[in-house]
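Peer 1: whatever this is, show me its structure:
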Amino acid sequence: MGKWIEQYIRILKRDYPTKGSSIPFLRKRFSRETIRSKAKKLKIKVNKIWRRKHFKNTLDKYRVIKWADKEISILKREYPKIGIKVKRLLKKFTKAAIKQKANVLKIKRVGRNWTQMEIKKLKLSWQTKSKLDKLFPHRSLFAVYKKAQLLSLKRSRNKARRRK
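Peer 2: Predicted coordinates for the structure are as follows:
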């Protein structure tokens, strides 16, 4: 980092309005933040036309996509049934945007709770080491194992007898 000598200040006053903190000569000596800070102290502003042109691509990248009424109705109708898989119907939104909008609208996924019958079936099948994916086709194996863990289910292990 260098000191601000008169030559650097002249360059800043001349180029900052059209180039912002991207002045190559000053960038070799100062950080962008230092250049911006010095320009602010000297009350030098960036030209509005340059700012719009320079930040146009950046703003497009982070633009906020508005939700149309049609998309909200699709979300309200389908999210409770299929959850995040609604992304297939709402292609222009990210999964995070869909989850956030569902949360804002207080839309929850229904039918995900375990019924008493399912819990009984899990307890019986856990000991027999049945094919869990066949018994619970609508649930992931992770969900089945997690529920078994929450129920503190243990599988009996057949210890093979050691030969002497």
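
Peer 1: who's in contact with stretch 121-140?
Peer 2: 114, 118, 141, 143-145, 147-148, 151, 153, 155-156 (CB atoms under 8 Å, 6 or more residues apart in numbering). Placement of C-beta: from N, CA and C, glycine included.

Peer 1: just checking, which of the residues you listed belong to helices?
Peer 2: Residues of these located in helices (DSSP state H): 118, 141, 143-145, 147-148.

Peer 1: Asn47: how many residues sit nearby?
Peer 2: 14 (other CB atoms under 10 Å).

Peer 1: tell me the contacts of it?
Peer 2: Applying CB under 8 Å, 6+ apart to Asn47 gives the contacts 17-18.

Peer 1: helix or strand with the lowest mean pLDDT in the protein?
Peer 2: helix 48-61 (a mean of 66; mean pLDDT, DSSP states H and E).

Peer 1: mind checking what helix or strand follows that helix in sequence?
Peer 2: Remark: after helix 48-61, the chain's next helix or strand is helix 69-82, criterion DSSP states H and E.

Peer 1: name the residues of that following helix that are buried.
Peer 2: 71, 75, 78-80 (16 or more other CB atoms under 10 Å).

Peer 1: got the contact list for that helix?
Peer 2: Applying CB under 8 Å, 6+ apart, the contact partners of helix 69-82 are 67, 86, 89-90, 93, 98, 101-102, 105, 107-111.

Peer 1: repeat that with 10 Å
Peer 2: Residues outside helix 69-82 that contact it (CB atoms under 10 Å, 6 or more residues apart in numbering): 65, 67-68, 85-86, 88-90, 92-93, 98-99, 101-102, 105, 107-112.

Peer 1: same question for stretch 19-35.
Peer 2: Taking CB under 10 Å, 6+ apart as the rule, stretch 19-35 contacts 1-5, 7-9, 11-12, 14-16, 36-39, 45-47, 50-51, 54-55.

Peer 1: that one: how far from the chain's middle?
Peer 2: On the basis of CA atoms, centre = their mean, to the nearest Å, stretch 19-35 sits 33 Å off its chain's mean C-alpha point.

Peer 1: what is the rounded mean pLDDT of it?
Peer 2: Taken as a whole, stretch 19-35 has an average pLDDT of 89.

Peer 1: what of stretch 119-128?
Peer 2: Across stretch 119-128, the average pLDDT comes to 84.

Peer 1: let me see the domain layout of the protein.
Peer 2: Using automatic domain parsing, the domains assigned to the chain come out as 6-61, 69-104, 116-150.
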